[in-house]
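Undergrad: Sequence and predicted model, in that order:
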Amino acid sequence: MFGGLAFMLNGHMCCGIVGDDFVVRMGLDKFEAALSRPHARPMDFTGRPMRGFVYVAPPGCRLTRDLNSWIQLAVQFVSSLPKK
């Protein structure tokens with residue numbers, strides 16, 4: 001998905017890898033807060049920012065606790081969606 005590796009949960013894209021970046025889906029409610037975290041930027045795969053998704057550069061998920069917090073954010077959002 002998006003030319004990279006995607007991890008799905010209940011039929012929805014949750015997180016993944018595109019190039020060197022970690023992709024995290026957190027929805028609109030947590031989008032701005034996610035952008036305030038170090039090494040995060042809007043996902044702009046199509047050339048236009050996709051709200052609700054962020055890219056996290058490698059330094060932003062180098063530590064296990066940082067990676068886990070990004071994954072938890074994605075799982076929390078995607079778990080709130082209806083199953084496909």
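TA: Arrived safely. Numbering: from 1, shown residues only.
Undergrad: Now do stretch 7-18, average pLDDT.
TA: Mean pLDDT, stretch 7-18: 95.
Undergrad: How about that stretch, which residues are buried there?
TA: Neighbour counts over stretch 7-18 (16 or more other Cβ atoms under 10 Å) mark F7, L9, H12, M13, C14, C15, G16, V18 as buried. Yep, even glycine has a C-beta here, placed from its N, CA and C like the rest.
Undergrad: I'd like to know which elements the longest helix seen in the chain is packed against.
TA: Determined from DSSP state H, the single longest helix within the chain is helix 64-79. Here helix 64-79 touches strand 5-9, strand 12-18, strand 21-25, going by 3 or more Cβ pairs under 8 Å, 6 or more residues apart in numbering; DSSP states H and E.
Undergrad: I'd like the ones you listed as JSON lines, with distance to V75 appended.
TA: Output for those, formatted as JSON lines (distance: least, Cβ to Cβ, whole Å):
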{"stretch": "strand 5-9", "distance to V75": "6"}
{"stretch": "strand 12-18", "distance to V75": "6"}
{"stretch": "strand 21-25", "distance to V75": "10"}
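Undergrad: These: which one's closest to R65?
TA: strand 21-25 (14.1 Å; Cβ to Cβ).
Undergrad: and the closest one, what's its mean pLDDT?
TA: 97.
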